[in-house]
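Undergrad: output the structure for:
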Amino acid sequence: MLIKNSKPKCIWKIKSTLGEGVHWVPDLNIVVFVDIKKKKILFFKNKNKKKILNINKEIGFISHIKKNIFILGLQSELRVFNFANKKVIFSINIESNKPNNRINDGKTDPEGRLWFNTMDSFEKKRSGSLYCLDKNLRLHQVDNKYFTPNGPAFINKNNFYHTDSRKKTIYKIKINNKFKIIKKTKFIKFNKKDGSPDGMTVDKNNNLLVCHYRGAAITVFNSRGKKIHKIPFPAKNITNCTFGGNLRNDLFVSSATKGMELNDFKKFPLSGGLFKIKTNMFGKKTKAFQSKYLFF
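TA: The predicted model follows:
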């Protein structure tokens, strides 16, 4: 299939320092995403319905559970939070023995299990890990020794793509039903001119869409790692993407201004914005995180 898309449209000129974790919530018909460094959660329904909430810690992702209840990936904490009454329902400490680590990217898999990454806030140490929180609220460390982990993007419940952005490498990983890695291979290695691979998602045909940090683009690779499409952006640091909309063929994309210089802003004036693209690709249905141990 020949992939087609509209020109990226900046639907919110928010100028995020480090926009990330873009997430479509079908039940509420909204896009939510975060600004990690500004400690903000951003809600977008349309140009007249936007909301910004401050949080007390750096936040790497936000994922929907039900109604006004979300799970937040914070510095050293997973927090289940009700935005209607502003109450914390449940909290899990994460890597309290690593005070300089923070949670980065995160999302649910086809089974509704929550996956997320940790990393060194200063991006110097190889102290990052990949975790999965199952429906029994058991935490599994699936992989470790990452500089800047991003993803994962799921092919199915046992196979996914995962990235170390600093190493410019995307891995293809297979796990067993006990969350143990049984196969891990290098899938794609970025060149310096391409920037670094950042957030990712997979469409219904298992094509992988990869955001280019410092590369002003999203590239689409097929399941064999062949580049089959590229979408240029008027923003330098493309950080995360997800399918949404009624048919799941709209692509919502976050970006960042972190590390940019004056000349960069002249060339990429919409950096930090939230973008929307119409495509002829379709995203997979996602499941919200649920647990029988969370009562609300």
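Undergrad: rest of the way, CA atoms for contacts and neighbours
TA: Fine.
Undergrad: okay, now Arg138: neighbour count?
TA: Counted by other C-alpha atoms under 10 Å, the residues lying close to Arg138 total 8.
Undergrad: how near is it to Lys178?
TA: Plainly put, Arg138 is 12 Å away from Lys178 if you go by C-alpha to C-alpha, to the nearest Å.
Undergrad: now Ala217
TA: Shown here: Ala217 relative to Lys178, a distance of 36 Å by C-alpha to C-alpha.
Undergrad: same question for Tyr161.
TA: Relative to Lys178, Tyr161 is positioned 18 Å away (C-alpha to C-alpha).
Undergrad: which one's more surrounded, the two?
TA: Taking neighbours as other C-alpha under 10 Å, Tyr161 and Lys178 compare with Tyr161 leading, 24 against 8.
Undergrad: residue contacts, the more buried one?
TA: Applying C-alpha atoms under 8 Å, 6 or more residues apart in numbering, one finds that Tyr161 lies in contact with 151-155, 170-173.
Undergrad: out of these, which are buried?
TA: Neighbour-count burial (16 or more other C-alpha atoms under 10 Å) applied to the contacts of Tyr161 gives 151-155, 170-173.
Undergrad: per-residue pLDDT, the nearest residue to Ala235 once chain neighbours are set aside?
TA: Distances taken as C-alpha to C-alpha, 6 or more residues apart in numbering put Ser271 closest to Ala235, at 4.0 Å, once the chain neighbours are dropped. The per-residue pLDDT reported for Ser271 equals 98.
Undergrad: where does Ser271 fall, phi/psi-wise?
TA: Per-residue torsions, Ser271: phi -60, psi 140 (degrees, to the nearest 10).
Undergrad: residue contacts, it?
TA: Ser271 makes contact with 15-16, 234-237, 255-257, 265, according to C-alpha under 8 Å, 6+ apart.
Undergrad: neighbours around Phe122, how many?
TA: Neighbour number of Phe122 under other C-alpha under 10 Å is 10.
Undergrad: secondary structure element holding it?
TA: Counting by DSSP states H and E, no helix or strand carries Phe122.
Undergrad: secondary structure and pLDDT added to the buried ones among the contacts of Tyr161, as JSON lines?
TA: Putting these into JSON lines (DSSP: H, G, I helix; E, B strand; the rest coil; pLDDT from 0 to 100) gives the following:
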{"residue": "Gly151", "secondary structure": "strand", "pLDDT": "93"}
{"residue": "Pro152", "secondary structure": "strand", "pLDDT": "96"}
{"residue": "Ala153", "secondary structure": "strand", "pLDDT": "97"}
{"residue": "Phe154", "secondary structure": "strand", "pLDDT": "97"}
{"residue": "Ile155", "secondary structure": "strand", "pLDDT": "96"}
{"residue": "Ile170", "secondary structure": "strand", "pLDDT": "98"}
{"residue": "Tyr171", "secondary structure": "strand", "pLDDT": "98"}
{"residue": "Lys172", "secondary structure": "strand", "pLDDT": "98"}
{"residue": "Ile173", "secondary structure": "strand", "pLDDT": "98"}
